[in-house]
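*Asks:* below is the sequence, then the predicted model.
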Amino acid sequence: MNSRSGRAGVPAGAQIVYGLHAVRAILARHPERVLAVRIARSRDDPRARDIEALARKHGRPVERVENEALKRSIGDVAHQGIVAEIAPLPRWTEDDLLSAVMRADTDGSAAAGQEPDVSCEKTDAARRGRGGAPTQSGGTWAPLLLALDGVQDPHNLGACLRTAAACGALAVVVPRDRAAQLTPAARKVAAGAAETTPVVTCTNLARTLALLKQAGLWVFGADPEADQDACEADLTGGAVLVLGAEGRGLRRLTRQRCDFLVRLPRLGAVESLNVSVAAGMLLYEAVRQRSAAARGGRNGPR
């Protein structure tokens, strides 16, 4: 066992990424962060050979090992015979998150040139709704964040992170306590998104939401009993979408920090959705509205 790290064969300070998609994604996007790649000897298929070739192309060390060696180093997980040791991304603090929001607001306000149409007057409404996240059409749109309140399954965190990255979210925010963190299992499900979209761990989610509101973002909480459908809310401005744990939903203090509560329409008999599915639906509703606004239409909230 490596005394520097407490795990066999893993350098001190390194993080583990495993699985075909996750390892290939970081090799393709951030090869400089890959410290080493280990591939099971039993994997001699095109996808494994492609990863090996990609690692060697970027000058990353590659080693063929027995399956038992992988199991000893990372445990009995579904690694698919592909494991990489990577240098971690610098962790974003709450201050880093707020700075990124303010930078996005400053960069995007000049490009946007106008205030959004919001459905509720607030004292700081004039500061909300402008930002600089890129759109598919090459313009800019307001910062979009996803916050997860007490989601404890790392697979759900990974799935939420993957969708957040696909939707251009600035970051995903999670509480430090009683919530899933960015484990190797979450990274595998995220399929590379953990290497591009920061996960910000905060001590007090309600406090962080209050600070984000002060920075100019609207906070939308998902609640199946809300009076307003998500498609009726205006998600074109700077926004934080907040989802709670399955079964329990949003905690009381988190709910109190929300500007609006919105629901997803349910036409069938299912009482609740998996949190990663609900997050995807809300994120893509925001993308739909913002894309329509970027095209010059109001084909979005009513």
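*Replies:* Good, I have the coordinates. Numbers count the residues shown, from 1 in each chain.
*Asks:* would residue 279 count as being in a helix?
*Replies:* Yes - remark: residue 279 belongs to a helix, assigned using DSSP: H, G, I helix; E, B strand; the rest coil.
*Asks:* and it, how many neighbours?
*Replies:* Residues within reach of residue 279, counting by other CB atoms under 10 Å, total 29. To be clear about C-beta, it is placed using only N, CA and C from the backbone, and glycine gets the same treatment.
*Asks:* in contact with the closest residue to it other than its chain neighbours, which residues?
*Replies:* Counting by CB to CB, 6 or more residues apart in numbering, residue 279 lies nearest to residue 160, which is 4.6 Å off, once chain neighbours are set aside. Listed by CB atoms under 8 Å, 6 or more residues apart in numbering, the contact set of residue 160 reads 146, 148, 151, 172, 243, 275, 276, 279, 280.
*Asks:* what helix or strand does residue 160 sit in?
*Replies:* helix 154-166 (DSSP states H and E).
*Asks:* moving C-terminal from that helix, which element do we reach first?
*Replies:* Downstream of helix 154-166, the next assigned helix or strand under DSSP H and E is strand 171-175.
*Asks:* from the contact counts, what lies against the helix or strand following that following strand?
*Replies:* Using DSSP H and E, the helix or strand that directly follows strand 171-175 along the chain is helix 184-190. Under the contact criterion of 3 or more CB pairs under 8 Å, 6 or more residues apart in numbering; DSSP states H and E, helix 184-190 touches strand 15-18, helix 20-29, helix 154-166.
*Asks:* among those, which is nearest residue 57?
*Replies:* Closest approach to residue 57 among the helices and strands packed on helix 184-190 is made by helix 20-29 (8.7 Å; CB to CB).
*Asks:* ok, now how distant is the residue nearest to residue 279 from residue 293?
*Replies:* Look at residue 160 and residue 293: by CB to CB, to the nearest Å, they are 24 Å apart.
*Asks:* do residue 174 as well
*Replies:* Taking CB to CB, one finds residue 174 at 29 Å from residue 293.
*Asks:* can you check residue 181 too?
*Replies:* 35 Å.
*Asks:* hey, where'd the helices end up in the chain?
*Replies:* Remark: helices assigned in the chain by DSSP state H are 20-29, 46-57, 67-74, 94-112, 154-166, 184-190, 205-214, 252-257, 275-294.
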